[in-house]
Structures are given as C-alpha cells and as structure tokens.
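Participant: pasting the structure only:
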C-alpha cells in the first residue's frame, strides 16, 4: 500500500517539528515564559535566588538564574538561604506551585506576602519560565536556628525595633 504524497509530507513535517509538551515554548506558552522571565527580573527573584546577581548588576547568564545561593541571611529568626528554585520547581506541578505561592509563609528575608498578591497568570508565568530553564545546581544550605552559627558567609540583619 502506498501512502498519498500529501500524507507523507504531513507525517514528515510533524516528525521534524518534534514533540509538543507543556514544557515546549510554543504559542501562548512562549508568551507566558517570556512574561515569567520579565517577572523574575523585575520582582527581584534573582536578587537572592541567583548567585552574584546583585554584585554584578544583573550580569549573570540566564543559565545560572534561580539556582539558589550559599549566602545566608541571619537575623533573630536564624539563618536562611535562598533556595534553588529550579530544583524546587522540578518537583512541583503547576497546581502545587500555585497553592504554595498563595499560602506559604517563609522566614525573612523572603517576601512571601508579595507572592500572595501576584495574579495566578503571573505565578503561572514564573513557574513556566523556571521550568523552561530546567533543573540545575545544588540545593541551598539548610536553615540554621538562631542559637547556632552558620558555616559560610552571611548578611547580618539588625534586630528590629520593638
């Protein structure tokens, strides 16, 4: 049996275009990924979650964005570290991220309250952008309680006024 030439061309064209998945930046999803890239830049996500971002005035390759940091943030709450969001997002579905982003309350200096104010389309865009980068890097150091000394470098926050 011989297939009609238009059908063969259609099959070859579909095969050449590659698989389409939720991760593929096509159409509306490409616009959402671009929106996510923009939001990550302006919302300050890179300021803490990308090593060296602040110190280089944002001149860090995108391949290193959102990989967490070894720099601790120490205050009355203990010492916290900016998590590797690329590893975090690799383990979450979009629905899980939306729930987490709108309900979680993190230790300082993470401004969790700004996540609560973001629209669902913006939170989806951030998720899709981070997922498009793929997992990379290592997990950030674990939280250090206030009565313990962190091992690496940290920024010391003053005790807030009463």
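Facilitator: Now that the structure is in, tell me what you want to look at. Keep in mind it's a predicted model, so treat the numbers as computed, not measured.
Participant: got a list of what the residue lying closest to residue 158 once chain neighbours are set aside touches?
Facilitator: Taking CB to CB, 6 or more residues apart in numbering as the measure, residue 158 lies nearest to residue 75, with 7.9 Å between them; neighbours along the chain are not counted. C-betas here are computed from N, CA, C, even on glycine. For residue 75, the contacting residues are 108, 109, 156, 157, 158, 159, taking CB atoms under 8 Å, 6 or more residues apart in numbering as the criterion.
Participant: among those, which are in helices?
Facilitator: Counting by DSSP state H, those place none of their members in helices.
Participant: could those residues go into CSV alongside distance to residue 90, neighbour count and pLDDT?
Facilitator: Formatted as CSV, the entries for these read as follows, by distance: CB to CB, whole Å; neighbours: other CB atoms under 10 Å; pLDDT from 0 to 100:
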residue, distance to residue 90, neighbour count, pLDDT
108, 25, 15, 95
109, 24, 14, 95
156, 32, 9, 95
157, 30, 14, 91
158, 36, 7, 89
159, 37, 7, 83
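Participant: now, which of the residues you listed sits nearest residue 133?
Facilitator: Closest to residue 133 out of the contacts of residue 75 is residue 109 (23.0 Å), distances taken as CB to CB.
Participant: Starting from residue 149, give me the distance back to that closest one.
Facilitator: When distance is defined by CB to CB, to the nearest Å, residue 109 is 19 Å away from residue 149.
Participant: ditto for residue 81
Facilitator: Taking CB to CB as the measure, residue 81 and residue 149 are separated by 14 Å.
Participant: who has more neighbours, these two?
Facilitator: Higher neighbour count among residue 81 and residue 149: residue 81, with 22 against 8, using other CB atoms under 10 Å.
Participant: So for that one, what's the pLDDT?
Facilitator: Residue 81 is assigned 98 on the pLDDT scale.
Participant: Ok, residue 26 next?
Facilitator: Looking at residue 26, its pLDDT stands at 58.
Participant: do residue 23 as well
Facilitator: Per-residue confidence for residue 23 comes out at a pLDDT of 44.
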